[in-house]
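>>> After the sequence you'll find the predicted model.
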Amino acid sequence: MSLPDKQRIRATFARAAASYDAAAVLQREVCARLLARLDAATEPPPAHILDAGCGTGYGAGLLHARWPQAAIVAADFAATMAATTRRQAPAGTACAVADIEALPFADATFDLWWSSLTVQWCDAATVLAEAARVLRGDGRLALSTLGDGTFAELRTAFAAVDRHRHTLDFAAAERLAEAATAAGLHDVALARETLTLHYPDLKALLGAVKAIGANALGAGRRPGMMGKAAWQALAAAYERQRDADGLPASYDVILLTARK
């Protein structure tokens, strides 16, 4: 999997902090589905939780609602995201500017490691090894990420314009499960769902992607800017995929739970 430059990703998400919540329909839905994958009555309830890649703190709020007595640490490597979480998350949530590939926490610190729609920007094997390190014995892990079916319609439309790759090379679900096992996690459970959002036109679709910071693309991008003719060709190619609800954008959502 080719990953985008980390500094560019940090800068992109830092710029997106102010617009993120208004556009993050997908993120909220995925958080709800990931929470549902955890046992309805996790016993014993987690006392210490890490929200790894917290964004603006929506996941931390859900976790607090489920386990109000837990101490929650919300971490994001974009300082503006962590600052937004500090303002918006439930009282008592600790916030940290931290890279989930190199966490500044001691071994065996958390009972639950949670991360929703962050791992796709990272090296999954490194992230899962760090998660296993900071989890206590019998601790739980829950993560969501995007699989290789994400933005299928967008890739199809771009294929009519050029041969360059315009989206991240998302990981296969099987590789993610293998990385979890290699990190020493067990009881690995994998689920996969396709969520499709609709937009009135291409400008609105690409604007929503940009507003959540997901326009930071991987290696192999087209050199230089697309010209007017290329944009017109892209719009026409995407229009051929329009359905009754608008222009579709599909997300291949991977939900993974495991135990240390």
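Alright, I've got the coordinates.
>>> burial count for residue 158?
Residue 158 sits with 22 neighbouring residues when counted by other Cβ atoms under 10 Å. C-beta coordinates here come from the backbone N, C-alpha and C atoms, glycine included.
>>> Quick check: it touching residue 234?
Yes - at 6.4 Å, residue 158 counts as touching residue 234 under the criterion of Cβ atoms under 8 Å.
>>> Residues in a beta bridge with the closest residue to residue 86 other than its chain neighbours, which ones?
Of all residues beyond its chain neighbours, the one nearest residue 86 is residue 95 (4.3 Å), with distances taken as Cβ to Cβ, 6 or more residues apart in numbering. Here residue 95 sits in beta bridges with residue 74, as judged by DSSP bridges.
>>> Kindly report the same for residue 114.
Under the criterion used (DSSP bridges), residue 114 bridges to residue 51, residue 142.
>>> ok, it to residue 34 distance?
To residue 34, residue 114 is 8 Å away according to Cβ to Cβ, to the nearest Å.
>>> out of the two, which sits in the more crowded spot?
Higher neighbour count among residue 114 and residue 34: residue 114, with 29 against 23, using other Cβ under 10 Å.
>>> Residue 51 is in contact with the more buried one, correct?
Yes - between residue 114 and residue 51 there is a contact under Cβ under 8 Å: 5.3 Å.
>>> list the residues that contact both of those two?
Applying Cβ atoms under 8 Å, 6 or more residues apart in numbering, one finds that residue 114 and residue 51 are jointly contacted by 59, 63.
>>> mean confidence for the helix or strand that contains residue 229?
According to DSSP states H and E, residue 229 maps onto helix 228-239. For helix 228-239, mean pLDDT is 90.
>>> Show residues contacting that helix.
Taking Cβ under 8 Å, 6+ apart as the rule, helix 228-239 contacts 153-154, 156-162, 201-202, 205, 226, 247.
>>> can you pull the alpha-carbon coordinates of that helix into CSV?
Extracted in CSV, the C-alpha atoms of helix 228-239 (Å, rounded to 0.1, in the frame of the first residue of the first chain):
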residue,chain,number,x,y,z
LYS,A,228,-10.6,22.6,-18.0
ALA,A,229,-11.1,19.9,-20.7
ALA,A,230,-10.0,17.2,-18.2
TRP,A,231,-12.4,18.4,-15.6
GLN,A,232,-15.2,18.5,-18.1
ALA,A,233,-14.4,14.9,-19.1
LEU,A,234,-14.3,13.8,-15.5
ALA,A,235,-17.7,15.4,-14.8
ALA,A,236,-19.2,13.8,-17.9
ALA,A,237,-17.8,10.4,-16.9
TYR,A,238,-19.2,10.7,-13.4
GLU,A,239,-22.6,11.8,-14.7
